[in-house]
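Q: what follows is a predicted protein model with its sequence.
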Amino acid sequence: MYTVVSITVVSADGQKAQKAINDSYDELDRLARLLNFYSDSSEISMINKAAGVKPVKVSKDTIDILEKSVYTSEMTEGAFDVTVGPLVKLWDLKKKIIPAKKEIEERQRIVGYKNIVIDRKASTVFLKKKGVQVDLGGIIKGYAVDQVVRVLHQDGISSGVISVGGEIRTLGKKPDGSLWTVGIQNPREKSPDDKIIATIDLSEKALSTSGDYIRYFEKNGVRYHHLLDPKTGYPSRQCGSATIIANDNTTTDGFSKLFILGPEKGLAVAKRVGFDVLFIDCKGKVVMSDGLKNKINFTDTGEFHIARQAGKQ
């Protein structure tokens, strides 16, 4: 999946643990072959090639992840859009290229999750317009983590930590009975000493973060990053990062794009759907849902940000 994967399991049986880890990587390879946007033989590529022409018969995994993608798109008012790929391709962050407004407007015509027609009974997916493309990059890692959890449970593993490209899932507890501690990165890190702004102790929970500090360049004092607002075609300016904590990683990965909506609208969505969220805005202000207020442990850096926003010295 073109990312770093780490799987840690707790078991009294070394062979059992190794088998569970091997089975997990086999599952990740299976999903990558099935859902890979860049592979001509994947089901996603088959769907994209048939856009505007005919429905394509696909597997249960493809139906499941696309249904969850459409649901996430609807609940985020289109901030997450699984068809945004054509817009993303215009932005070359490595070469620091800002696309022309006309190019963005042309691509926007073929972006829109409402072009996806899913028929679960027939196991088919149809894209209504030619040129529309499904790209699962914004949700596939979270879905993959959930499938790894299923494999680990089947292999008798009930404790561990999974990370697929930063999508975190905690299972059970550590061998000493304590919870797993997960760090939340400071989106405006200036040195290694302020890399982590807060931590949270978790068990049987998923966590994902989207931020403007992961892939970006700056030009004339403006930060251009990879999290595009599908409605404008440009990077969202609502905040620095959004961290979602929920029961599964498909939810946290997809809904971490609440980054695009920002704290005010994002908190309302989180309350409506039923998960927790922590926003750090562009100036460092921390805003979180009520469910996190006694669970987040701020570092000295985090306390500084909160104190500054409160007007304290």
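A: Okay, I see it. Computed from a predicted model, the values in this text were never measured in an experiment.
Q: now do the contacts for Glu189.
A: Listed by CB atoms under 8 Å, 6 or more residues apart in numbering, the contact set of Glu189 reads Lys195, Tyr213. C-beta coordinates here come from the backbone N, C-alpha and C atoms, glycine included.
Q: gap between it and Ile214?
A: To Ile214, Glu189 is 12 Å away according to CB to CB, to the nearest Å.
Q: any idea how far the residue lying closest to Glu77 once chain neighbours are set aside lies from Phe255?
A: Leaving out its chain neighbours, the residue that sits closest to Glu77 by CB to CB, 6 or more residues apart in numbering is Leu261, at 6.9 Å. Taking CB to CB as the measure, Leu261 falls 10 Å from Phe255.
Q: quick one, which of those two is more surrounded?
A: Per other CB atoms under 10 Å, whichever of Leu261 and Phe255 has more neighbours is Phe255, with 27 against 23.
Q: what about the helices in the stretch 201-313 of the chain?
A: In the stretch 201-313 of the chain, the helices defined using DSSP state H, counting those that start in this stretch lie at 249-255, 263-273, 300-309.
Q: check those for me: which has the lowest mean pLDDT.
A: Lowest mean pLDDT of the helices of the stretch 201-313 of the chain: helix 300-309, a mean of 53.
Q: mind listing what's buried in the longest helix belonging to the chain?
A: Ranked by residue count under DSSP state H, the longest helix found in the chain is helix 14-35. Under the neighbour-count criterion of 16 or more other CB atoms under 10 Å, helix 14-35 has Ala17, Ala20, Ile21, Asp23, Ser24, Glu27, Leu28, Leu31, Ala32, Leu34, Leu35 buried.
Q: touching, the fourth one and Asp155? I think so.
A: Yep, that's Asp23 we're talking about. Yes. Taking contacts as CB atoms under 8 Å, Asp23 lies within contact range of Asp155: 5.8 Å.
Q: so what's in contact with Leu261 and Phe255 at the same time?
A: Thr76, Val269.
Q: mind listing the strands for the stretch 101-250 of the chain?
A: For the stretch 101-250 of the chain, the strands defined by DSSP state E, counting those that start in this stretch cover 116-119, 124-127, 160-164, 167-171, 180-185, 196-202, 206-211, 216-219, 222-225, 241-246.
Q: quick one: the fifth one to strand 167-171, angle?
A: Counting by axes from the mean of the first three to the mean of the last three CA atoms, to 10 degrees, strand 180-185 points 160 degrees away from the direction of strand 167-171.
Q: and the third one, by the same measure?
A: Between the axes of strand 160-164 and strand 167-171, defined by the same axes, to 10 degrees, the angle is 170 degrees.
Q: how far out from the middle of the chain is strand 160-164?
A: Once both centres are worked out by CA atoms, centre = their mean, to the nearest Å, strand 160-164 turns out to sit 14 Å from its chain's centre.
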